[in-house]
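**Student:** structure for the following, please:
(one chain, ligands or ions: 1)
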Amino acid sequence: MSSVTIAVQRLSKTFGQTRVLENVGFDIHAGEMVALIGPSGSGKSTLLRHLVGLTTANRKADSHIRVMGRDIQRSGRLLRGSRTQRCRCGYIFQQFNLVGRLSVLTNVLVGRLGSMPRWRALLGRFSDEERAQARQALARVGLAELAEQRANTLSGGQMQRVAIARVLMQDADIILADEPIASLDPRSAREVMDILQRINREDGRTVLVSLHQVDYARRYCPRAIALKQGRLYYDGRTEGLTEARLQALYENAGFDESRQSAVPVTARVALGAAS
Ligand SMILES: Nc1ncnc2c1ncn2[C@@H]1O[C@H](COP(=O)(O)OP(=O)(O)OP(=O)(O)O)[C@@H](O)[C@H]1O
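**Tutor:** Next up, the predicted model:
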């Protein structure tokens with residue numbers, strides 16, 4: 001069995017009076033592709049943000065997060081030296097987080113900033129070799145020909161592929177993708193998931209991807225971790241997500257009409273709830 005690359009123990013998080021995560025724990029091994037599922041508000045984004053230190057756990061709880069064998073946070077305190085480790089995690093957002101007025105190529109090069117000497121990063125000076133690497137990353141996501149185009153001229157699906165190229169440029173060992181397909185049409189969603197799967201299989205990079213659509217989780221991820229009201233509800237083979245389990249996971253979850261893809265389509269179909 002490969003080594004544990006993400007280890008989460010006893011993670012609890014409260015915002016004000018709202019308990020968002022409660023005693024969550026799991027291990028993910030190097031090279032896995034894991035879906036993080038659960039109803040809206042179940043704590044998926046909050047969990048992902050803890051893994052890169054964007055959020056810290058409750059101080060009182062005895063929580064512990066390790067990434068690639070190094071401590072990231074313990075009892076709600078970021079640990080010294082954890083920055084380098086956090087740089088090994090690439091983060092993909094639902095809304096892409098590109099700089100619209102910059103070229104596609106420059107947006108990809110931004111992935112390298114964290115590992116460059118500070119003066120070069122401040123000046124935004126990239127070497128020819130780095131530019132060549134950025135072009136390679138763009139080729140891998142099928143966008144080589146758009147390198148010089150401004151990012152804000154791209155479609156949503158293309159923007160997300162640029163965001164993946166940026167993570168490749170970062171040379172992240174672990175890819176954390178927070179609802180990367182939630183705002184995409186089905187075809188673009190499939191393209192993005194295909195690319196994530198390829199990166200996982202060909203490079204052996206670990207992928208943890210939060211998804212609202214259970215059918216995508218089933219199709220692309222051998223394992224699923226499900227949160228319900230901030231608690232670990234399921235952790236196992238995706239095929240073990242039976243109709244009864246999905247029904248219990250999503251019941252009382254509500255349906256927010258304003259959010260595209262907020263409905264776990266497969267769950268609703270499986271439950272006979274879809275029209
Ligand atoms: N910084 C914050 N301050 C206060 N409450 C927060 C904060 N971040 C998240 N929350 C709350 O934590 C809960 C879980 O939010 P989170 O975004 O982690 O859920 P989610 O499962 O990712 O939801 P969705 O699928 O809708 O994105 C929500 O009730 C949210 O309002």
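
**Student:** who in the stretch 1-150 of the chain is up against the ligand?
**Tutor:** Within the stretch 1-150 of the chain, the positions lying close to the ligand (CB under 6 Å from any ligand atom) are 15, 18, 20, 38, 40, 41, 42, 43, 44, 45, 46. Where you see a C-beta, it was placed from the backbone N, CA and C, and this is true even at glycine.

**Student:** just give me the closest of those residues to residue 243.
**Tutor:** Nearest to residue 243, judged by CB to CB, of these is residue 38 at 16.5 Å.

**Student:** which SSE is the closest residue in space to the closest one that isn't next to it in sequence in?
**Tutor:** In space, and not counting its chain neighbours, residue 38 is closest to residue 227: 3.8 Å by CB to CB, 6 or more residues apart in numbering. Element membership for residue 227, per DSSP states H and E: strand 223-228.

**Student:** hmm, back to that, can you count the residues close to the residue nearest to residue 38?
**Tutor:** 26 (other CB atoms under 10 Å).

**Student:** now residue 175: which helix or strand?
**Tutor:** Using DSSP H and E, residue 175 sits within strand 174-178.

**Student:** same check on residue 245?
**Tutor:** With DSSP H and E as the test, residue 245 turns up in helix 243-250.

**Student:** check contacts around the most centrally placed residue in the chain.
**Tutor:** In the chain, the residue lying closest to the centroid (CA atoms, centre = their mean) is residue 177, at 1.6 Å. Residue 177 sits next to 91, 92, 196, 207, 208, 209, 210 when contact means CB atoms under 8 Å, 6 or more residues apart in numbering.

**Student:** returning to what we had before: mind listing what the residue nearest to residue 38 touches?
**Tutor:** Going by CB under 8 Å, 6+ apart, residue 227 touches 21, 24, 36, 37, 38, 42, 43, 44, 47, 233.

**Student:** 6 Å instead, please
**Tutor:** Contacts for residue 227 (CB atoms under 6 Å, 6 or more residues apart in numbering) come out as 38, 42, 43, 44.
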